[in-house]
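# sequence first, predicted coordinates after that:
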Amino acid sequence: MLNSAKQWARGIKRDVVALWLAARDPRVPWYAKATAGAVAAYALSPIDLIPDFIPIIGYLDDLLIVPLGIMLAVKLVPAGLMQEFRDEATRRAKPVSKAGLIFMIAVWIAAALALLWLFWPKPVQPFV
């Protein structure tokens, strides 16, 4: 069981790199590129949308959202091209997504600003 889990994890890592390659290839349809690029940027980002230290839901994106996104993106990329990208991905090192990092930082900043705006004390209007 442990061996199959390790093999599944290696396949996920390989597919993320393959999707990163697919997002940059001109032979891939635009909708598959967009999906592959978004999934790869999120999976390769050093920052998660939901931090792992949050109980239960912190690992939800790693265990559920990322694999589902990978499965969707793999289905959108033509099979022959996907196999070519997988072969190339096994020869490459795992990249780091700077775009994913910037996007996650922007989301966290937007969330912080929204909370500040929501909870900032409003001036009291006097009755006239």
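Noted; the coordinates are in hand.
# from A9, how far out is N3?
Separation of N3 from A9 (CB to CB, to the nearest Å): 11 Å. To be clear about C-beta, it is placed using only N, CA and C from the backbone, and glycine gets the same treatment.
# just A38 next, same as before
From A38 to A9 the distance is 21 Å (CB to CB).
# also V77?
With distances taken as CB to CB, V77 is found 21 Å from A9.
# for those two, indicate the residue with more neighbours.
Legend: neighbour count by other CB atoms under 10 Å for V77 and A9, higher for V77 (25 against 10).
# wait, isn't D15 in contact with V74?
Yes - assessed by CB atoms under 8 Å, D15 is found in contact with V74 at 6.1 Å.
# looking at those two, which is more packed in?
Neighbours were counted for D15 and for V74 using other CB under 10 Å; D15 has more, 24 against 20.
# confidence score at that one?
Per-residue pLDDT puts D15 at 91.
# okay, and it sits in which element?
Counting by DSSP states H and E, the element that carries D15 is helix 2-22.
# continuing past that helix, what's the next helix or strand?
Using DSSP H and E, the helix or strand that follows helix 2-22 in sequence is helix 30-44.
# how many degrees apart are that following helix and helix 2-22 in direction?
Interaxial angle, helix 30-44 versus helix 2-22 (axes from the mean of the first three to the mean of the last three CA atoms, to 10 degrees): 130 degrees.
# worst-scoring helix or strand of the chain, pLDDT-wise?
Of all the helices and strands that make up the chain, helix 60 has the lowest average by mean pLDDT, DSSP states H and E, namely a mean of 78.
# which residues outside that one are in contact with it?
Residues from elsewhere that reach helix 60, judged by CB atoms under 8 Å, 6 or more residues apart in numbering: I50.
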